[in-house]
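1. Provide a 3D model corresponding to the input given below.
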Amino acid sequence: MGRQLFNRNQPEPDQHQLNSLEQHLAGTLRPLHPSRDLLLRLRERMKWPDRAQIAERLLDWKRLFLVFGGVMSVMLVLLTVARALFHLTGRRNF
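-> All right, here's what the predicted structure looks like:
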């Protein structure tokens, strides 16, 4: 666990103090605007497929069936391992 912001033994800070601190930080910290070059590079790196490609992938029912079967198989293996561990460790511990 991380450090608590306020200790239970300490009184909560005054609302006036919090407001003055917030005003000071609002005047000190200024918003950053990323450069256009950075935005263009990010957009190039995050290429999403076109809607036609997504629809084409969903129509490929063989691959979809294979992925679904793989997910179900992994779930069954995890369930079997969990049941085996539950049985081996004893039911009274849980």
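
2. which strands and helices sit next to the helix ranked longest in the chain?
-> Criterion DSSP state H: the longest helix present in the chain is helix 61-89. For helix 61-89, there is no helix or strand it packs on, judged by 3 or more Cβ pairs under 8 Å, 6 or more residues apart in numbering; DSSP states H and E. All C-beta spots, glycine's among them, are computed from the backbone N, C-alpha and C.

3. tell me how many other residues surround residue 12.
-> Neighbour count of residue 12, defined by other Cβ atoms under 10 Å: 7.

4. quick one: pLDDT of it?
-> In this model, residue 12 is scored at 74, pLDDT.

5. what's the answer for residue 86, then?
-> On pLDDT, residue 86 comes in at 90.

6. for it, give its distance to residue 73.
-> 20 Å (Cβ to Cβ, to the nearest Å).

7. so where's this structure shaky on pLDDT?
-> For the chain, the stretches with pLDDT under 70 are 1-10, 91-94.

8. which residue is nearest the centroid of it?
-> For the chain, the residue nearest the mean C-alpha position is residue 46 (17.6 Å; Cα atoms, centre = their mean).

9. how about the contacts made by residue 62?
-> Applying Cβ atoms under 8 Å, 6 or more residues apart in numbering to residue 62 gives no contacts.

10. i'd like the first residue to be 52 from this point on
-> All right, first residue 52 from here; so that's residue 113.

11. that'll do, ta.
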